[in-house]
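Asks: Need coordinates for the below:
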Amino acid sequence: FESLVELEVPEDTHWLLSSTYFVFGSAAMAMSLYCLVVSSFACVFGHRLALQGPHGSLEKAVTIMVSHRLHIFAAAGASLLCLVLAAVLMAWIK
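Replies: Residues are numbered from 1 along each chain as shown. So this is what the prediction gives:
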């Protein structure tokens, strides 16, 4: 990941190629951070709701976490796709 961040783009690189590289790299980092924050939030507060909430809160916590599961997996998959595309563009630029 460090090589993706510290890439020095040559002067003769087309502006669209370098811009696309930086967009994909930034999107990968942003979506990874989003996935980390939402997953941490769900683990901390879902666990707390399930154990310390009123009667019936366990089912509610499980239902909420299952409904957000696909969204979190989609964000993680999109992040990995952007990371791979940034790596391909980095190889093309070098």
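Asks: how about the strands in this protein?
Replies: Under the criterion DSSP state E, the chain contains no strands.
Asks: now the farthest one out in the protein, which residue is it?
Replies: His55 (34.4 Å; C-alpha atoms, centre = their mean).
Asks: any idea how far it lies from Val66?
Replies: For His55, the distance to Val66 under the criterion C-beta to C-beta, to the nearest Å works out to 20 Å. Using the backbone N, CA and C atoms, a C-beta is placed for each residue, glycine as well.
Asks: what about the closest residue to Met65 other than its chain neighbours, neighbour count?
Replies: In this structure, Met65 finds its nearest non-sequential neighbour in Gly46, 4.9 Å apart by C-beta to C-beta, 6 or more residues apart in numbering. Gly46 is surrounded by 16 other residues when neighbours are defined as other C-beta atoms under 10 Å.
Asks: again, but for Leu51
Replies: Leu51, neighbours per other C-beta under 10 Å, totals 10.
Asks: What distance do you get for it to Val44?
Replies: 11 Å.
Asks: Residues touching stretch 26-45, excluding its own?
Replies: Applying C-beta atoms under 8 Å, 6 or more residues apart in numbering, the external contacts of stretch 26-45 come out as 64-65, 68, 71-72, 75-76, 78-80, 82-83, 86.
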